[in-house]
Each structure stands twice: as structure tokens, then as C-alpha cells.
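Novice: model the structure of this input:
(one chain, ligands or ions: 1)
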Amino acid sequence: MNSDISSSDDMNCVECGALILKATFERNEGRCAPCKLGTRKSIDASRQRCEEQRQYELTNPSWKFWQNLIGRLGEQNEGFNTFSDAEKQYFAVTLLGRVSEMMLV
Ligand SMILES: [Zn+2]
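Specialist: So this is what the prediction gives:
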């Protein structure tokens, strides 16, 4: 019986430092599953993309303007009619851009 297995058997991945089971450590030559499989880099890359997107949203004035329009649109059914002509045009163009971005993904 292996009743004395405890968390003190956990090891750190030699590549990324993640806490992994000793069995995983031994099986993967000291690496966690993502490092062993080579998916760690893509996980980090997608995390980085999220962070970049967040920074973009925090700092980009046109994003803020877009959020303002979306917010006003949601407040009332006639929201779109409260937009000025310039805002309507911006909304339509941005919406089209976003839709085509989504379709490319
Ligand atoms: Zn790792």
C-alpha cells in the first residue's frame, strides 16, 4: 500500500517550474506535461496575446469610444438612433471590421 504518498513528493518542472507529480517528473525527464509535449510555448503565447489585447483595450482611445457606443446601444432599444451620423458611420465600419476579423479566426 502506498498510503504514505503526500504532496511533499511533488516536484518542480525543470523548464517552467510548475509543480508536478513525482511520477510525472520521472516519466517526462523532469518536465511537466505541457513542456514535454511542447505545448507550453503556445500556452504562454496565447496568454501573451490576451495580455496584449487587454493592454490595447486599456490604452486605445478608439476602443474606449467603441465601448461607449456599445454601452449606449445596450441602454435602450433605440440606442442606435441616438448616435450622430459620424457615430453611426463609425459604428457600421467598426462592426464590419470586427465581424470579418471573427470570420478569419
Ligand atoms: Zn513545465
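
Novice: and the helices in this protein?
Specialist: 22-27, 33-37, 40-59, 61-75, 85-104 (DSSP state H).

Novice: shaky segments in the chain?
Specialist: 1-8, 75-77, 104-105 (pLDDT under 70).

Novice: now stretch 91-100: buried residues?
Specialist: For stretch 91-100, a neighbour-count test (16 or more other C-beta atoms under 10 Å) marks 91, 94 as buried. For the C-beta atoms, the positions are set from N, CA and C on the backbone; glycine is no exception.

Novice: repeat for stretch 81-92
Specialist: 83, 90-91.

Novice: what parts of the chain come near the ion?
Specialist: 13, 15-16, 18, 32, 35 (C-beta under 5 Å from the ion).

Novice: out of those, who's nearest Lys41?
Specialist: Set against Lys41, the nearest of the residues of the chain next to the ion by C-beta to C-beta is Cys35 (8.9 Å).

Novice: what number of residues lie near that closest one?
Specialist: 21 (other C-beta atoms under 10 Å).

Novice: residue contacts, the nearest residue to it once chain neighbours are set aside?
Specialist: Nearest residue to Cys35 in three dimensions, chain neighbours excluded: Glu15, at 4.2 Å (C-beta to C-beta, 6 or more residues apart in numbering). Contact analysis of Glu15 by C-beta atoms under 8 Å, 6 or more residues apart in numbering lists 30-32, 35, 40.
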